[in-house]
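> Predicted coordinates and the sequence they were generated for:
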Amino acid sequence: MAKITLSNLAHSYLPNPASEDDFALKELNHDWQDGAAYALLGSSGCGKSTLLNIISGLLRPSQGRILFDGQDVTDAPTAERNIAQVFQFPVVYDTMTVRDNLAFPLRNRGRDEGYVAERVQEIAHMIGMEHMLDRKARGLTADAKQKISLGRGMVRKDVNALLFDEPLTVIDPHMKWELRTQLKKLHHDFGHTMIYVTHDQTEALTFADKVVVMYDGRVVQIGTPEELFERPEHTFVGYFIGSPGMNLIPATVDGTTARIEGAEIPLGRGYKGLSGKVEIGVRPEFARLSQSEGLPVTVRRIEDVGRHKIIRAEFFGRDINIIAREEDAVSADMNRVIFDADHINVYADDWRVAGEAA
Amino acid sequence: MEKTVNQKAWFLVIPMLILVAFSAVIPLMTVVNYSVQDTFGNNQFFWAGLEWFDEMLHSDRMWDALGRQIIFSAIILAIEVPLGIFVALNMPKKGFWSSLCLVLMALPLLVPWNVVGTIWQIFGRVDIGLLGHTLEAMGIDYNYTSDVLDAWVTVIVMDVWHWTSLVALLAYAGLQSIPDAYYQAAKIDQASRWKVFRYIELPKMQGVLMIAILLRFMDSFMIYTEPFVVTGGGPGNATTFLSIDLVKMAIGQFDLGPAAAFSIMYFLVILLISWVFYTVMTNLDKREGK
């Protein structure tokens, strides 16, 4: 286990990157704490897998260094880094039995057979494949194969880090939940540093202590699930996390008041001298409909998803979402919306502005 | 849904039947016809029963040719398959050099058989051939027209030159279909180069390799033109393979009956061995765990 440090790291798939746009991964400094569980969250093509492959050594970064416990491993091959990685699509050795598949990484490191047998048994139990150990891996279903891949990733106890590259994409939903719980338990029991790449926010938020959100090759926020929810540092985080995402409304902000086409909205904090594209962001959870207070809104549609209702509405010509609790009545004469002042975030050019206590 | 019965549909099969009849059935039946009859010319035929088959089965000449043929096919398979795989593994994976390699590799496959024979016939000649003359100048006693070993080496090297590309190209296609993730996983698992080959590349190439082996076996077992042009089956009968012997018998000596019987047995042997290969191949594909 090790602390992994990324120092001025960047990567471009082009031989001579000219501008910042050529970089698949933009310059980045970050410490991955020893023994923490991270999720790397972002939409497809944002550089998540690139970052993972750089850490495991499958890819050499165009610039910057990568250190394990302070030791420079930028040029060290994958084998020397002692990392386990599980890929999006199952990789199994077809001609081997399930047992040999699981034992493969241990045998390659020359562990004695007694230890190998014991570990294989433990892992097989964990992934629920004890009864299939002597079967050939060829012809198994995709999720069985992916469980083997996961098992192979977890079989070594002494790895520096465990990396997962969207490992549950091909797995059935109910099995997903179970495997994710197993991974969390594994993390709890052995305290490996784990990095879990996903584009599924539920997966990220349930798995990780800290979520790293990436957008367009850049890390936009690193935080606990709570921080991501309440104080998204970037409009992308607000939009990407939450279902539905944060409402973003262009506004002018001065002091503790935001103005949208003349209408005033009180803010929880004070802001001064904002420039560029200014928006306010409110999560649907912190907006509610009212008959008498707030600003005018036109309700378009109400979706009852069971736990709560999602109200799709039009607010000064833009679509916004409001979440109402299941027991709250929504009536036709509710044509005003109130935002919770303490949960309004202000963004200038997509980045959150902290503001001052009012 | 009710099935429509329309016997006129048979007409649609007729063109195919005619084609197969003229391309395979009728010529084969002609051979069968010859194999059970004897003739003294003038288009007069006499019933001979299984006499020719009996004679051929007890003919040292045929058994010797069959023995040489099996040894030849075994040697070229043993060289071309591993060599082809080795070449494929070392070819560039993409870019300009991979295209160049593919073109260069495909070249020998485009040369007509008798031209290949002629090239090597001249190439190996001691008086004017580049290879033969060079070897002689180096003090190596090489002469494919008089020395049995030299003749075999020449014919085998020629076949390897001509056909290894086929195995290499097929193996290369098999290798290209392996997703990167397999190699990455192998690196993560710290597999050695040999294990990557043994557990990833070889299993993934299995299908194309069986096709390559089947094609190379059938082709080499029927080889005629190249050794005929280079050695003419000699020295003596040293490189007289089945096809060469058959032609000598049928056209050289005009022994139609024995040659026809020979042909049929030859055909059956190829059919049998190909069937064995095919069965092994399909069973390997189906083979799964318990």
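Looks like it arrived, so ask away.
> where along the stretch 51-200 of chain B do the helices fall?
In the stretch 51-200 of chain B, the segments counted as helices under DSSP state H, counting those that start in this stretch are B:51-57, B:60-90, B:96-110, B:113-123, B:130-137, B:148-176, B:180-188, B:193-196.
> tell me the average confidence for the shortest one?
The one in question is helix B:193-196. The pLDDT scores in helix B:193-196 average 91.
> That one vs chain A: in contact?
Yes: interface with chain A: helix B:193-196 contributes residue B:195 (C-beta under 8 Å from any C-beta of the partner chain). For the C-beta atoms, the positions are set from N, CA and C on the backbone; glycine is no exception.
> Residues touching that helix, excluding its own?
With contacts defined as C-beta atoms under 8 Å, 6 or more residues apart in numbering or on different chains, helix B:193-196 is touched by A:108, B:183, B:186.
> still on that earlier bit, the helices of the stretch 51-200 of chain B: which one's closest to residue A:297?
Closest approach to residue A:297 among these (C-beta to C-beta): helix B:180-188, 49.1 Å.
> which strands and helices sit next to that closest one?
On a contact count with 3 or more C-beta pairs under 8 Å, 6 or more residues apart in numbering or on different chains; DSSP states H and E, helix B:180-188 meets helix A:78-81, strand A:83-86, helix A:142-154, helix B:193-196.
> Burial-wise, tell me which of those comes out on top.
strand A:83-86 (a mean of 26; mean count of other C-beta atoms under 10 Å in any protein chain shown).
> Could you list the paired strands of that one along with their orientation?
strand A:161-165 (parallel) (DSSP bridges).
> Quick one: residues contacting the residue found closest to residue B:114 once you drop the neighbours it is linked to in the chain.
With sequence-adjacent residues excluded and distances taken as C-beta to C-beta, 6 or more residues apart in numbering or on different chains, residue B:114 is closest to residue B:225, at 5.0 Å. By C-beta under 8 Å, 6+ apart, the contact set of residue B:225 is B:113, B:114, B:116, B:117.
> Which of those residues has the largest number of neighbours?
Counting neighbours by other C-beta atoms under 10 Å in any protein chain shown, the top entry in the contacts of residue B:225 is residue B:117, with 22 neighbours.
> tell me which element the closest residue to that one other than its chain neighbours falls in.
Excluding the flanking residues, the one nearest residue B:117 by C-beta to C-beta, 6+ apart is residue B:229, at 2.8 Å. Assigned by DSSP states H and E, residue B:229 belongs to helix B:225-230.
> May I ask you to name the longest helix in chain A?
For chain A, the longest helix by residue count, based on DSSP state H, is helix A:173-190.
> Near whichever residue of the stretch 1-150 of chain B sits closest to chain A, how many other residues are there?
In the stretch 1-150 of chain B, the residue found nearest to chain A is residue B:95; the distance is 12.6 Å by C-beta to the nearest C-beta. Using other C-beta under 10 Å, residue B:95 has 8 other residues around it.
> Need the CA coordinates for stretch B:60-67. PDB is fine.
The C-alpha coordinates for stretch B:60-67 follow below in PDB (Å, rounded to 0.1, in the frame of the first residue of the first chain):
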ATOM      1  CA  ASP B  60       6.200 -50.600 -53.400                       C
ATOM      2  CA  ARG B  61       6.300 -47.600 -55.700                       C
ATOM      3  CA  MET B  62       3.100 -46.200 -54.400                       C
ATOM      4  CA  TRP B  63       3.900 -46.800 -50.700                       C
ATOM      5  CA  ASP B  64       7.300 -45.200 -51.200                       C
ATOM      6  CA  ALA B  65       5.700 -42.200 -52.800                       C
ATOM      7  CA  LEU B  66       3.200 -42.000 -50.000                       C
ATOM      8  CA  GLY B  67       6.000 -42.200 -47.400                       C
END
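> What residues of it count as buried?
B:62, B:65, B:66 (16 or more other C-beta atoms under 10 Å in any protein chain shown).
> still on that earlier bit, JSON lines please, covering the contacts of residue B:225 and showing pLDDT and distance to residue A:279.
Shown next, in JSON lines, are the contacts of residue B:225 (pLDDT from 0 to 100; distance: C-beta to C-beta, whole Å):
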{"residue": "B:113", "pLDDT": "86", "distance to residue A:279": "76"}
{"residue": "B:114", "pLDDT": "87", "distance to residue A:279": "79"}
{"residue": "B:116", "pLDDT": "89", "distance to residue A:279": "75"}
{"residue": "B:117", "pLDDT": "88", "distance to residue A:279": "80"}
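> how about the helices in the stretch 1-150 of chain A?
Assigned by DSSP H, counting those that start in this stretch, the helices in the stretch 1-150 of chain A fall at A:48-56, A:78-81, A:98-108, A:113-127, A:142-154.
> how about the second one as CSV, C-alpha atoms only?
Same thing as helix A:78-81. Presented in CSV, the C-alpha positions along helix A:78-81 are these (Å, rounded to 0.1, in the frame of the first residue of the first chain):
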residue,chain,number,x,y,z
THR,A,78,3.7,-2.0,-14.7
ALA,A,79,5.2,-5.1,-13.2
GLU,A,80,7.4,-3.2,-10.8
ARG,A,81,4.6,-1.0,-9.6
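> Great, nothing more from me.
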